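> The following block contains a protein sequence and its predicted model.
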Amino acid sequence: MKTPLIPLLPLVALIITSAPLGAAAQSPASPPTTADSEVVASDWRPGFGARIGGYGFRAADQAEGLTWFDCRMDGIGLLTTLDMGPHLFAELSVDFYQATEDVITDGHMDRVSLLSFAALGLRLAPDWIVSPFIQLGGGAEWTRLTMLDAAEIQDVYPVAFMGAGAEVDLTETIKIGVGLRFMAMIHPDHAHPTETGGQLDPPHDDGPVQAPSMSFSPAAQGLGWIRASL
């Protein structure tokens, strides 16, 4: 006896509709798209710039008390930076400084220095238009120093500093900034005109010329710069 076809139609329909689902379950997962496998770009940003600055050593003044104007030095420099994310950054720099005219004429001291620094900094609010930061670093100073009635000194000495400042975003790339640093630097032990009634002893020839003794002293430095962040 032949089986009627009409009762078998629901079974045939179930088999037909189930076949694609089974094939899909057995097929391997789709390979990741290019967007899924794309490596996130690094947010490290190099930069470079130029700056001007000045610094002076702390000294006691009879009229004004403690000041930061002993052996005033003015100069210019170049710097490179590397922003390692939004907060941390590194800096390498080289600066040339020389004594101001009043130091040479009134203080009878002539000094030139080449400073090379490496530093790490932390930007406290990188998303602000004015972004403050703190910084810590050090390096080496090559200096040539001549003083009244003293032998010339020319040598390399270590330097350390800590500082703070802020940068302003003129554009996404161009920044201008100002900073203040407190440094430990080598400095000659010497008398100041304010300690001797405004006069220093004239040179004399009654013995061999000696080099001045050198020791580390605190100094304060102000800086201004313009920088391009690539």
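Looks like it came in fine. Residues are numbered from 1 along each chain as shown.
> which residues in this protein form helices?
Taking DSSP state H as the test, the helices found in the chain are 9-26, 34-37, 101-105.
> in the protein, which ranges drop under the pLDDT threshold?
Across the chain, the ranges flagged by pLDDT under 70 are 1-42, 60-65, 191-209.
> one more time with 90, if that's ok
Scanning the chain for pLDDT under 90 picks out the ranges 1-43, 59-69, 102-109, 127, 129, 147-152, 172, 188-214.
> Compute the number of surrounding residues for the nearest residue to E167 once chain neighbours are set aside.
Nearest residue to E167, sequence neighbours excluded (Cβ to Cβ, 6 or more residues apart in numbering): G177, at 3.9 Å. Quick note: C-beta positions are derived from backbone N, CA and C, even for glycine. For G177, the neighbour count with other Cβ atoms under 10 Å is 18.
> For G177, give its distance to D43.
In this view, G177 and D43 are 20 Å apart by Cβ to Cβ, to the nearest Å.
> Next: G163.
25 Å.
> So these two - more neighbours on which side?
Legend: neighbour count by other Cβ under 10 Å for G163 and D43, higher for G163 (20 against 9).
> Okay, and the beta partners of the nearest residue to that one once chain neighbours are set aside?
Leaving aside its chain neighbours, G163 sits nearest to R181 (3.5 Å; criterion: Cβ to Cβ, 6+ apart). Legend: beta-bridge partners of R181 under DSSP bridges are G163, Q221.
> tell me the contacts of R181?
Going by Cβ atoms under 8 Å, 6 or more residues apart in numbering, R181 touches 55, 135, 161-163, 220-221, 223.
> What of D102?
R72.
> so how far is S229 from the residue most central in space within the chain?
Using Cα atoms, centre = their mean, the residue of the chain that lies closest to the mean C-alpha position is E91, 3.6 Å off. Distance, E91 to S229, using Cβ to Cβ: 12 Å.
> can you list residues touching both of these two?
By Cβ under 8 Å, 6+ apart, E91 and S229 have these common neighbours: T81.
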